[in-house]
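A.B. asks: curious how this folds, go ahead:
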Amino acid sequence: MTSRREVLLTAAGLAAGRVLGAANPARVHLGCQTNAWAIDSRDFSNVLAIVRKVKDYGYEGFETGFANVQSRFDEPAAAKAKLDAIGLKFIGVHIFLTRYDPATCIAPAELYERVAAGGAKLGAERLILSGSPPDDDAGRKRKAEGLNRAGAFAQKLGLKLAYHNHGPEVANHGEEIEFLLRATDPARVWFLLDAGHAFRAGADIPGFIRQHHRRLAGLHIRDTKDGKETVLGTGDFPLQGVADAIRETGWQGWVINEEERVGGKPGDEAVKPARDALFRVFGR
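C.D. replies: So this is what the prediction gives:
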């Protein structure tokens, strides 16, 4: 039988390990999605100003939508120099659309190829694709095949391909995302788990990380309270549980704060307290 002293020593050891794990910055990289702010995509100086804000908040990298950078695809050298001078990693360029290719439920190839080529010239490390939910397994198979093709194309340019989910992919006990994990090539396709959307859809986020961390390029972190969006650290999202799962698995990907709202762009008002919560949990 285990003694009370042994139980206390074990508990103390686990607590110490949690603190040390959280305080080790080599374990995980912290980034921010620029969509928390309203950006004039026609004015690249505005994009640069937001990236500087991300830097000033202490993040290591930024992610942004393709609309914010596509104006520089044809003449990328000067834009890349300005981005490089800020000193952040360009985590990835993200394609989110209101309508997707009906065959693959992701962006059309001609679009993602152009964005991947342009993003690579600007220093992006990843092509990030969102998508729509297929109706059945045949549609999911076509989607997986489309992701494999996109991943192969991105690879030729030195990029990694990451698929970003919304709620439907994790509904019904994760039916679609589990299918995509099985049907896509691990050497070509990674996943950017939107943990906020997945949590609202009922997913066990720490459990998902423990099971699938080898396929994860990153996490989008956002919070909700009683089903409504709120600033990270003030709601029901299991932020400490996520940190514990990351520590336990040794995962070293990107944890990306995303404070965009359905009804607007809260900017600094949300990003600053969210940053404080994220840095507190991960020991920055």
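A.B. asks: dump the residue contacts of Arg42.
C.D. replies: Contact partners of Arg42, counting by C-beta atoms under 8 Å, 6 or more residues apart in numbering, are Ser71. All C-beta atoms are positioned from the backbone trio N, CA, C, and that covers glycine.
A.B. asks: quick check: it is in a strand.
C.D. replies: No: Arg42 is assigned coil when assessed by DSSP: H, G, I helix; E, B strand; the rest coil, not a strand.
A.B. asks: can you offset everything so residue one is 650?
C.D. replies: Right, with 650 as the first residue, what we last looked at is Arg691.
A.B. asks: can you tell me how far it sits from Asp872?
C.D. replies: To Asp872, Arg691 is 31 Å away according to C-beta to C-beta, to the nearest Å.
A.B. asks: one more: Arg791?
C.D. replies: For Arg791, the distance to Asp872 - C-beta to C-beta - is 34 Å.
A.B. asks: ok, these two, which is more surrounded?
C.D. replies: The neighbour count for Arg791 versus Asp872, taken as other C-beta atoms under 10 Å, is higher for Asp872 (24 against 17).
A.B. asks: chain neighbours aside, what residue packs nearest to that one?
C.D. replies: With sequence-adjacent residues excluded and distances taken as C-beta to C-beta, 6 or more residues apart in numbering, Asp872 is closest to Gly884, at 3.8 Å.
A.B. asks: thought the one you found was touching Arg849?
C.D. replies: No: using C-beta atoms under 8 Å, Gly884 is not in contact with Arg849; the gap is 10.3 Å.
A.B. asks: any shared contact partners between those two?
C.D. replies: Common contacts of Gly884 and Arg849 (C-beta under 8 Å, 6+ apart): Thr873.
A.B. asks: can I take it that Arg924 is in a strand?
C.D. replies: No: read with three-state DSSP, Arg924 is helix and lies in no strand.
A.B. asks: so it touches Asp705, yeah?
C.D. replies: No: using C-beta under 8 Å, Arg924 is not in contact with Asp705, being 10.1 Å away.
A.B. asks: so for those two, which sits in the more crowded spot?
C.D. replies: More crowded of Arg924 and Asp705, by other C-beta under 10 Å: Arg924, with 22 against 9.
A.B. asks: how near is that one to Leu746?
C.D. replies: Using C-beta to C-beta, we find Arg924 at a distance of 29 Å from Leu746.
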